[in-house]
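In: Take this sequence and fold it.
(chains A and B)
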Amino acid sequence: MKTYSLLGWLSLIVVASYAMFHISYEVEQVENELYGVNRQTLAEQEAIHVLRAEWSHVNRPENLRELSRELLPNLQPPKIDQIGSLQELPHRNEEGILPASLRTVARQ
Amino acid sequence: MIGKIRSFRSNHRRTHANPTRRRPCVPSKMLPADGPAREAIETGRTRLLITGAVIWAAFGCIGLRLVDLSLLHPAEEPSHAAVSERIETERADILDRNGVILATGLATASLYANPRRVIDPDEAGRQLASVLPNADATELAKRMRLDRTFVWLHRKLTPRQQWQILRLGIPGLDFQREEARAYPVGHPLAHVLGYVDIDNHGIAGVEKSFDDRLRGDREPLSLTIDVRLQHVMHAALSDAMKEFSAMGASGVILDIKTGEVLSLVSLPDFDPYRAGSADEEQLRNRATLDVYELGSAFKVFTTATALDTGVVAIDGGYDATKPIKIARYTIRDYHAKGRWLSVPEIFMYSSNIGSAKMAMDFGTEAQRDYLSRFGLLEQSPIELPEVGAPITPDIWRPVNTMTISFGHGIAVSPLQMASAVAAILNDGVYLAPTLVKREAGSPKPAGRRVVSRKTSDEMRRLMRLVVEQGTGKKADAEGYLVGGKTGTAEKQSGGSYARKKLISSFVGAFPMNAPRYLVLAVLDEPKGTKKTYNYATGGWVAAPVIKQVVERMGPVVGIAPVDPASPNLQAEMAVNVTSEGHTLASF
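Out: Numbering: from 1, shown residues only, chains lettered A, B, ... in the order given. The predicted model follows:
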């Protein structure tokens, strides 16, 4: 009887310590993975940060002016007669531009 | 290993003659009773016991340590997972009002050496000098010979330089991560943002005035500046400066309703990355630090004071037939009409005589009181370290009152001028100019009333009149109801005024039926061109800048152009220019 209980305890110890080590190693592995992911997140954030600064640099009005001068030679600053309100737009004939199925929707 | 020890131990048990043991393995009769053999066995047994105990202890220790390392230790050590999930920057970013990045920190590498580990300083110095710009090989070698463990060789390398140094493979060198301040928008904002020293301490502009805030708080600082408007102002002023060969220029755009500075330009400017090699002319912020006698633009204040104190009504006027002689000065009109002038006429033709007479009517005390209310007698409260104090007369004599009425004998910064005119147009309520954007939902800044609503309304109409019919026609951006006042002052040099050295300015606002934005442009020593018939006055050189800026910014800030001929607007802007009964009454 005593032998059995001893064996029982022993096997319990073995199982428990195995489980403990196993979990411990698993945690370490997952932690390493998390570390990697975190490092990658940081690296990506850093890259995004640099890209945002770069965007701001490339997108500065001075640069855009030069680019539009070079690439869009016909684009001029807007004149005031080019600016209007929605009310000034003439109503279009609905019949001609919308299919019948949408006309009721458009009317609503 | 363990098996061996077991067998060792069982051997030892076998030789152990213990009568109480249940199953003695070896019959005791095989053991010699005593004598030298017995003694030898005893010695062997003791030795084995000690060896066994030592080995047990060692394995016990290893086992315990194993448990300790694998199970207990990770909890104590800083965990790998506890890496911060946001990149840390030394200084907070600076943004414009729409969130565009104006200043940020970028990670760079700085090169240092551990001189004790550098094998051949001379060779290392020679190699480094070939990679680093402006580096002196002997100087580098000297530093690498110092008896220290750390010495900077070059701060803030470019990625390319870092790569080249890595490729050299010099032992004893290493890199330290450092933050370099970057200004993506560059020189148009150089004066507003300022710059930092090599250790990232702010030493000018917003970088200096908000140094603690930027170092302490990671949240970005939002300014009131709009990059687009800054560009519009910067471009218009640069063009005007070039066209009229001016020495310098400055410009301000204010939101009249909030006191926010949307644009603040000073030219010539500098590259924020090379502030060290910029000269004093470039570094000086002309919009806030410099003070100028701004000339006729001051008639805005003189007229507002006269109307507000009630010494003259808007339909009143003064005789401007003859120049005024006072002390050694003669006050005459630039656009002389030689007759009685109504208040609107005095303002739109910029009559010095009329303004001086107005000032004499309300007197020195009222003048000082009102100028002080407009914030013109003390430094501008703007959040910049570079703010100039106005220059005012030590003793305020009647002659000073007269000259100040048309902007001579008092010098203020362009920004002060802008806020003061904005106050008159903001229903008469002064708001301190600010560069920091208010948080959404925070209460509107409380201003202080400086002139009555009625005066503000009359000034609004008078300023529109100047652009419609007076000296400021060139500022009339069609559809935006621009109003304003020209200013031309001769620069003082050595105690007397220089005829050819002018400060030409224009202070404008739009739309004048409900003033929302104030635009000020000042040109320092512009020269007239053929196109301007050699005139270099405010109306000829600065007014076109205002027109250009307003035309560009109107669509950006969402002000819809209107038809100035519409009856509603005509009624809103109506001014009775010539008062009947008085016209030519004196002569």
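In: show me where pLDDT drops low in chain B?
Out: Under the criterion pLDDT under 70, the flagged ranges of chain B are B:1-33, B:70-88, B:493-499, B:579-587.
In: Show me which strand runs longest in it.
Out: strand B:496-510 (DSSP state E).
In: Remind me what that one packs against, helices and strands.
Out: helix B:414-425, helix B:453-469, strand B:483-493, strand B:517-524, helix B:538-541, helix B:543-557 (3 or more C-beta pairs under 8 Å, 6 or more residues apart in numbering or on different chains; DSSP states H and E). Just so you know, the C-beta spots here come from the backbone N, C-alpha and C atoms, and that holds for glycine as well.
In: would you list the ones you listed in TSV and tack on distance to chain A and mean neighbour count?
Out: What follows is the helices and strands packed on strand B:496-510, written out as TSV (distance: least, C-beta to the nearest C-beta, whole Å; neighbours: other C-beta atoms under 10 Å in any protein chain shown):
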stretch	distance to chain A	mean neighbour count
helix B:414-425	22	28
helix B:453-469	16	22
strand B:483-493	17	24
strand B:517-524	16	28
helix B:538-541	21	29
helix B:543-557	6	23
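In: in its sheet, what does the longest strand of chain B sit against?
Out: strand B:483-493 (antiparallel), strand B:517-524 (antiparallel) (DSSP bridges).
In: could I get the helices and strands packed on strand B:496-510 as JSON lines with distance to B:Lys242?
Out: Shown next, in JSON lines, are the helices and strands packed on strand B:496-510 (distance: least, C-beta to C-beta, whole Å):
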{"stretch": "helix B:414-425", "distance to B:Lys242": "20"}
{"stretch": "helix B:453-469", "distance to B:Lys242": "25"}
{"stretch": "strand B:483-493", "distance to B:Lys242": "20"}
{"stretch": "strand B:517-524", "distance to B:Lys242": "11"}
{"stretch": "helix B:538-541", "distance to B:Lys242": "12"}
{"stretch": "helix B:543-557", "distance to B:Lys242": "12"}
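In: and B:Ile382, which of these is closest to it?
Out: helix B:414-425 (6.0 Å; C-beta to C-beta).
In: just how off-centre is the closest one within its chain?
Out: In this view, helix B:414-425 has its centroid 20 Å away from the chain centroid, taken as C-alpha atoms, centre = their mean, to the nearest Å.
In: Following the chain onward from that helix, which element is next?
Out: strand B:429-430 (DSSP states H and E).
In: Regarding B:Asp122, what is its secondary structure?
Out: helix (DSSP: H, G, I helix; E, B strand; the rest coil).
In: for chain A, which spans come out with low pLDDT?
Out: A:92-108.
In: quick one on the thing from earlier: for the longest strand of chain B, C-alpha coordinates in CSV please.
Out: What follows is strand B:496-510, C-alpha atoms only, in CSV (Å, rounded to 0.1, in the frame of the first residue of the first chain):
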residue,chain,number,x,y,z
SER,B,496,16.5,112.9,-40.0
TYR,B,497,14.1,111.3,-42.4
ALA,B,498,15.6,109.9,-45.6
ARG,B,499,13.4,110.7,-48.6
LYS,B,500,14.3,107.7,-50.6
LYS,B,501,14.2,105.1,-47.9
LEU,B,502,10.6,104.1,-47.3
ILE,B,503,8.6,101.7,-45.2
SER,B,504,5.6,101.0,-47.4
SER,B,505,2.7,99.1,-45.9
PHE,B,506,-0.9,98.2,-46.4
VAL,B,507,-3.2,97.0,-43.7
GLY,B,508,-6.3,95.3,-45.2
ALA,B,509,-9.2,93.3,-44.2
PHE,B,510,-12.0,91.4,-45.9
